[in-house]
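> Below is the sequence, then the predicted model.
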Amino acid sequence: MNSESPKLLFASISDQYKKEVLQALTQAGFECMEIGTSSGWFSTGFSTFTVIAPAGRAAEAVDIVENNCPPSPDPQKKRAVVYVLPLDEAGELQAESV
């Protein structure tokens with residue numbers, strides 16, 4: 001995987017920390033979107049964000065998530081789970097004027 005290519009991050013974050021994480025990511029200039037998380041590994045108490053990390057900035061985004069999710073007193077409890085995927089292409093669709 002080319003570390004200099006853009007990345008797409010999926011970050012499932014404890015609801016306890018989601019506001020701080022989202023604020024820190026957007027202040028650092030990352031494009032973020034919250035998507036519904038209703039089942040899977042985390043059935044309740046977690047939110048999932050998609051984050052676009054420009055070339056060379058994926059590690060910075062992961063650090064922001066880690067730094068804004070303090071350690072849990074329970075070592076078995078997850079604070080966040082982050083997946084980093086290569087992003088070959090991204091674009092936006094614009095609405096046509098009617």
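Alright, I've got the coordinates.
> Closest to the centroid, which residue in the protein?
Central residue of the chain (C-alpha atoms, centre = their mean): residue 11, 3.6 Å from the mean position.
> Determine whether the claim that residue 19 is in a strand is correct.
No: under DSSP: H, G, I helix; E, B strand; the rest coil, residue 19 sits outside any strand and is assigned helix.
> Tell me, what's the model's pLDDT at it?
pLDDT for residue 19: 94.
> Please tell me how far it sits from residue 75.
24 Å (C-beta to C-beta, to the nearest Å). (C-beta placed from N, C-alpha, C; glycine too.)
> Please say which of the two ends up with more neighbours.
Counted by other C-beta atoms under 10 Å, residue 19 and residue 75 do not tie: residue 19 has more neighbours, with 12 against 7.
> how far away is that one from residue 28?
With C-beta to C-beta as the criterion, residue 19 and residue 28 are 15 Å apart.
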